[in-house]
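Colleague: give me a 3D structure for the following:
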Amino acid sequence: AAMFIRRFSYKRGVMLGLLLYAIGAFLFFPAKESGAFYPFLAAYFVMTCGLSFLETSANPYILTMGPEETSTRRLNLAQAFNPIGSLAGMYVAMNFIQARMNPMSTDDRALLNNADFEVLKESDLSVLIGPYLAIGLVVLLMLFIIGVSRMPVNGDKNKKINLPPTIKRIISIPHYREGVIAQFFYGIALKGLGDDAKFGAAGLIMAILGGSVLPPLQASIIDLETIGNSFPAVNASFILPFICFAVVAWYGGRVVSLR
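Modeller: From the prediction side, this is the model:
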């Protein structure tokens, strides 16, 4: 994503991200027709590739849209809309997917004959893909609007791709290096990279994989059921997010000290 944005522009990076996201959403229809797990997994993969392009493009693009002194405020304002999207997603999932699916339990489903199970599965999958197809149409509309709109070209002037020296430069910046570590444990950091922001953003997006590594680790602690003689493992598992927030707090302290 970073190399594509560097070669072309932030705007094209955003557009490609939207396109991939829409394609991933529409792939839910053939996945539903197949009724198999892996087509759904492929659809999710394409969608997340689109999200990677969007995150790598949008965040540094926002930083370049005005004076550096107000860049953090612009980014914070944009990020303020993330919780709205999260709440809207939960509302859609609860009211347009979960509420409309058959409430039959897994044990009861296992007792159905093949014909009844296929009917039930077809009904649930039809409910599942509806919101994704609607989201795909909305994203295509956004893609069209951005495509025909004139947008700032700040930060898009340097098209050269010198990957090794760029990575060496951004890793040598303590503010960025420690920010990537904090991003792994939660989600922070990007300012001050200048023309290297496109590659820097890619590092921050990759650090989000902490969200896929740490929850299974916490789950493995919970699966122990008890620690020692009687201490509940679920209680002990929250030591892990405590450590994560401690790392984020450490990064915040470092940023304050650098200023």
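Colleague: hmm, Leu128 is touching Gly35, no?
Modeller: No - the pair Leu128 / Gly35 is not scored as a contact, 11.5 Å apart, by C-beta atoms under 8 Å. (Glycine included, C-beta is placed from N, CA and C.)
Colleague: so which elements touch whichever helix or strand Arg73 is part of?
Modeller: Here Arg73 sits within helix 71-79, counting by DSSP states H and E. Counting contacts by 3 or more C-beta pairs under 8 Å, 6 or more residues apart in numbering; DSSP states H and E, helix 71-79 packs against helix 37-63.
Colleague: what comes up buried for the helix it packs on?
Modeller: Residues of helix 37-63 classed as buried: 39-40, 43, 46-47, 49-63 (neighbour count, 16 or more other C-beta atoms under 10 Å).
Colleague: looking at Leu128 and Gly35 now, which is surrounded by more residues?
Modeller: Leu128 (19 against 12; other C-beta atoms under 10 Å).
Colleague: now for that one: which residues touch it?
Modeller: Residues in contact with Leu128 (C-beta atoms under 8 Å, 6 or more residues apart in numbering) are 28, 32, 97, 101.
Colleague: buried stuff in the helix or strand where it lies?
Modeller: For Leu128, the host element (DSSP H and E) is helix 114-148. By 16+ other C-beta under 10 Å, the buried positions in helix 114-148 come out as 120, 124-125, 127-132, 135-136, 139-140, 143.
Colleague: just the CA coordinates for the helix or strand containing Arg109, please, in CSV.
Modeller: With secondary structure defined by DSSP H and E, Arg109 is part of helix 106-110. In CSV, the C-alpha atoms belonging to helix 106-110 read as follows (Å, rounded to 0.1, in the frame of the first residue of the first chain):
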residue,chain,number,x,y,z
THR,A,106,-26.1,-25.2,17.8
ASP,A,107,-27.2,-28.4,19.6
ASP,A,108,-30.7,-28.1,18.1
ARG,A,109,-29.2,-27.5,14.6
ALA,A,110,-27.2,-30.6,14.9
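Colleague: still on that earlier bit, just checking, next helix/strand downstream of the helix holding Leu128?
Modeller: helix 163-171.
Colleague: packing partners of that next one?
Modeller: helix 174-185, helix 197-207.
Colleague: and stretch 172-184, how far out from the chain's middle?
Modeller: Its chain's average C-alpha position is 19 Å from that of stretch 172-184, according to C-alpha atoms, centre = their mean, to the nearest Å.
Colleague: how about low-confidence regions in the protein?
Modeller: By pLDDT under 70, the low-scoring segments of the chain are 1-2, 153-163, 182-212, 258-259.
Colleague: can you pull the contacts of the spatially most central residue of it?
Modeller: The centre of the chain sits closest to Leu51, judged by C-alpha atoms, centre = their mean, with a distance of 5.8 Å. Contact analysis of Leu51 by C-beta under 8 Å, 6+ apart lists 17, 21.
Colleague: relative to Leu19, how far out is it?
Modeller: Leu51 is 12 Å from Leu19, where distance means C-beta to C-beta, to the nearest Å.
Colleague: cool, Ile173 as well?
Modeller: Taking C-beta to C-beta, one finds Ile173 at 32 Å from Leu19.
Colleague: got phi/psi on Arg150?
Modeller: Here is the backbone geometry of Arg150 (degrees, to the nearest 10): phi -80, psi 130.
Colleague: so what's Arg254 closest to, chain neighbours aside?
Modeller: Glu178 (5.6 Å; C-beta to C-beta, 6 or more residues apart in numbering).
Colleague: the one you found: how many residues sit nearby?
Modeller: When neighbours are counted by other C-beta under 10 Å, Glu178 comes out with 18.
Colleague: next: the one 3 residues further on.
Modeller: Counted with other C-beta under 10 Å, the burial measure for Ile181 works out to 17 neighbours.
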